[in-house]
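Enquirer: I'll drop the sequence and a predicted model, then ask my questions.
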Amino acid sequence: MAKLSGGEALERKLAEMAKGLEKTGTLRIGWPENATYPESGLQVGLVAAFSEFGVPSHNQPPRPFMRIAIRDNSDSWAPQIANLLKATNYDAPRVLDMMGSEICGQVRDSIDALFEPPLSPRTIARKGHDKPLIDSNIMRSTLTWEVTEGGVKTRGWFSSAIQKIKGWFGA
């Protein structure tokens, strides 16, 4: 049978890790409610949702930039979080803040890389270029993240945007 030694040191280290993880947090990526397009007043989060899922009634196909960012990057998030927890002495809210910045960058990269499906000739003529998801750059530039601490759930950009979308589609 194997002999274990250093049990007290292990207990101290586990207690240290647990203390750092006592503060829980929630990371949300998206657009603040007050982020709007100046010409229309539409919330950027709504326009992002329409872009992500499409609006068939307006002949707008889905351009799933968010789902692509998740698909292409989510496998690396758990190892990154593990490494960051070690590097920050298990400060979970700080790690979530760092991951928020990283994931927002990945979503912006996904917006930049998306060219399919192509824009219609009419849209290209109106915009003066053929790049989907980039018009005024407001959606890309207002993407942000938020960390809430202590497990307190607040009503924010996502829940409000979903309620408006449901209302628009009669859901």
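Expert: Ah, there it is.
Enquirer: got a list of what Trp145 touches?
Expert: Applying Cβ atoms under 8 Å, 6 or more residues apart in numbering to Trp145 gives the contacts Leu27, Arg28, Ile29, Gly30, Asp97, Gly100, Ser101, Ile103, Cys104. C-beta: built from backbone N, CA, C; applies to glycine.
Enquirer: quick check: what element follows the helix or strand hosting the last one along the chain?
Expert: In other words, Cys104. According to DSSP states H and E, Cys104 maps onto helix 92-113. Moving toward the C-terminus from helix 92-113, the next helix or strand (DSSP H and E) is helix 121-127.
Enquirer: thinking again about what came up before, let's see if you can find the most crowded of the contacts of Trp145.
Expert: Gly30 (22 neighbours; other Cβ atoms under 10 Å).
Enquirer: tally up the residues packed near the residue lying closest to Glu102 once chain neighbours are set aside, please.
Expert: Closest residue to Glu102 apart from its sequence neighbours, by Cβ to Cβ, 6 or more residues apart in numbering: Gln80 at 7.0 Å. Per other Cβ under 10 Å, the neighbour tally for Gln80 reads 15.
Enquirer: can you confirm Gln80 is in a strand?
Expert: No - counting by DSSP: H, G, I helix; E, B strand; the rest coil, one finds Gln80 to be helix, located in no strand.
Enquirer: mean confidence for stretch 83-102?
Expert: For stretch 83-102, mean pLDDT rounds to 87.
Enquirer: please disregard the earlier target; I meant stretch 134-143.
Expert: Rounded mean pLDDT across stretch 134-143 is 89.
Enquirer: which of the residues in it are buried?
Expert: Within stretch 134-143, the residues scored as buried using 16 or more other Cβ atoms under 10 Å are Asp135, Ile138, Met139, Arg140, Thr142, Leu143.
Enquirer: correct me, but Gln106 touches Asn73?
Expert: Yes - using Cβ atoms under 8 Å, Gln106 is in contact with Asn73, at 4.7 Å.
Enquirer: so those two - more neighbours on which side?
Expert: Gln106 (20 against 17).
Enquirer: now do the end-to-end distance for stretch 15-27.
Expert: Chord length of stretch 15-27, first to last residue, is 25 Å (Cα to Cα, to the nearest Å).
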